[in-house]
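Chemist: this is a predicted model, with the sequence first.
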Amino acid sequence: MDPRRLELLLHLSRLGSMREVADTLGVTTSTVSQQIAALAKEAGTPLLEHEGRRVRLTPAGRRLADHAVSVLAALEAARADLDPTAEPAGTLRVAAFATSVRRSLLPVVRELATAHPEVSLRIHEHEPAESLALLDADDVDLALTYDYNLAPASFDRTQVTQPLGSAGWDLGVPTGHAAERGRTALEAFAAARDDDWIVNSRNTADEEVVRTLASLAGFAPRVVHRADSLDLVQDMVVEGLGVGLLPSDQPTRPGVSLVSLREPEVTLRAYAVTRAGRSGWPPLALVLRLLEGHPVA
């Protein structure tokens, strides 16, 4: 089977429209239709069935799309193996959350400039869901993402993850708040039941953690404010606008206290995510190796 046709089928399984596949890959809709028809002929069974103006895969089509993931990943690995000793060179496109850019990518940029000047990074700052969407669309080569132990992320079989460290998060409250007397996370949360809450404006993971712990403490949190910047969250806490989660290792401003969360703990976990079969590409393999020496947390 032609791997280019398998790639079209895989895109179609995700997008559900030949027009969307054509727009994504820069080809005509008729080309997509013809190639899928040729693939069905090769497979000896119908792969599509129409549903209004859209199409959906038949059971055989879904099975073949599942096989396409492994086949295409194997082909990517084979291409990388053709010259595994090549000196890394090229531009690596990376989508990453802000903390990982500061703590991991910028040190790697400095190392590359000194030891591997032929490798450059093109950095896009994004939250995890945005980064994974870009990775899935092949708009970036590497995504640096995170989740929390109380709000675990799910990765599909087309993605390969490499842990990049973990760090504890605490409850940020105005200094003197009753939550400071809490001996456990649930006691601290219970003391903040009447407060407004501040959560991330571009990611839902911390809000899920807040709602989980609040539920265990017996109340529904009143989420009022959303902010992407952790510095801004601290400013809002100082002004008495609410409380929210903050990293344990970040210095706090006067007027902000961190309440240690225990039983249960809240832990952020960082990952480097690549598409299956791509990590052997020399520039990507080099950067993944360098990231091991610069964990995010």
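Modeler: Thanks, I have the structure now.
Chemist: helix, strand, or coil at S70?
Modeler: Using DSSP: H, G, I helix; E, B strand; the rest coil, the structure places S70 in helix.
Chemist: one more: D194?
Modeler: Strictly by three-state DSSP, D194 counts as coil.
Chemist: ok, which stretches of the stretch 51-200 of the chain are helices?
Modeler: Assigned by DSSP state H, counting those that start in this stretch, the helices in the stretch 51-200 of the chain fall at 59-81, 98-100, 106-115, 128-136, 185-191.
Chemist: all strands of this protein, in order?
Modeler: Listed in chain order, the strands of the chain (DSSP state E) span 48-51, 54-57, 90-96, 119-125, 142-148, 159-174, 196-199, 222-226, 244-247, 256-259, 266-275.
Chemist: got TSV for those, with mean pLDDT, distance to V210 and mean neighbour count too?
Modeler: (C-beta placed from N, C-alpha, C; glycine too.) Output for the strands of the chain, formatted as TSV (pLDDT from 0 to 100; distance: least, Cβ to Cβ, whole Å; neighbours: other Cβ atoms under 10 Å):
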stretch	mean pLDDT	distance to V210	mean neighbour count
strand 48-51	84	39	12
strand 54-57	84	38	16
strand 90-96	95	24	20
strand 119-125	95	23	16
strand 142-148	97	10	25
strand 159-174	96	9	19
strand 196-199	98	6	22
strand 222-226	97	7	14
strand 244-247	96	7	23
strand 256-259	96	13	20
strand 266-275	96	9	22
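Chemist: any idea which of these gets closest to M18?
Modeler: Comparing those by their distance to M18 (Cβ to Cβ), the top pick is strand 54-57, with 6.6 Å.
Chemist: neighbouring strands - and their directions - for that closest one?
Modeler: Sheet pairing of strand 54-57 (DSSP bridges) gives strand 48-51 (antiparallel).
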